[in-house]
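Enquirer: What shape does this take:
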Amino acid sequence: MTIKKAEKEDLQKILDLQYIAYQSEAKLFNNSDIPPLKQTLADVENEYQKGVILEVLDENNEIIGSVRGYCDGGTVYIGKLMVHPRYQGRGIGTKLLLEMEKEYPDRRYELFTSSRSSKNIALYERLGYKIFNDKQITDELRFVYLEKV
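Expert: From the prediction side, this is the model:
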């Protein structure tokens, strides 16, 4: 397993992985109309220009995980942490998140997830993130914001 910065030519594969990985989030809401499943390649390219996208490659050089981050005003905003469902539960998400922190050392880190994503929240809390805010988005959707300082 290798973690490295994504290249521009990897972005379509990362987007394809995103469509697979976020199916579990869509199931939490019985709704596939969630932002990660509507994102386009142009959206991902904009995020690539704005910050860092890391990817995890398996032994066959297939992308099995990814995370995005960018720094604004001393805070690193981390998003789209994903691992292919076949590879979940092996510490890959943890390694990706810690690697993103290394990209931007000694900063404040912020991320968010759905309040229903108990596995995500547990992962973030294990790594020292604390809930500092939550926001009702729709009747069904509430985001939980976590930070690490």
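Enquirer: Chain neighbours aside, what residue packs nearest to the residue nearest the centre of the chain?
Expert: Residue closest to the average C-alpha location in the chain (CA atoms, centre = their mean): residue 81, at 1.8 Å. Leaving aside its sequence neighbours, residue 81 sits nearest to residue 67 (CB to CB, 6 or more residues apart in numbering; 4.4 Å). To be clear about C-beta, it is placed using only N, CA and C from the backbone, and glycine gets the same treatment.
Enquirer: The host helix or strand of residue 93 packs against which elements?
Expert: Using DSSP states H and E, residue 93 falls within helix 92-103. Applying 3 or more CB pairs under 8 Å, 6 or more residues apart in numbering; DSSP states H and E, one finds that helix 92-103 contacts strand 2-5, strand 52-57, strand 63-72, strand 75-83, helix 118-126.
Enquirer: Present those as CSV; the columns should include mean pLDDT and distance to residue 43.
Expert: Formatted as CSV, the helices and strands packed on helix 92-103 follow (pLDDT from 0 to 100; distance: least, CB to CB, whole Å):
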stretch, mean pLDDT, distance to residue 43
strand 2-5, 97, 19
strand 52-57, 98, 12
strand 63-72, 97, 11
strand 75-83, 97, 10
helix 118-126, 94, 21
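Enquirer: Serialize those to JSON lines and add fields for distance to residue 33.
Expert: What follows is these, written out as JSON lines (distance: least, CB to CB, whole Å):
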{"stretch": "strand 2-5", "distance to residue 33": "31"}
{"stretch": "strand 52-57", "distance to residue 33": "24"}
{"stretch": "strand 63-72", "distance to residue 33": "21"}
{"stretch": "strand 75-83", "distance to residue 33": "17"}
{"stretch": "helix 118-126", "distance to residue 33": "20"}
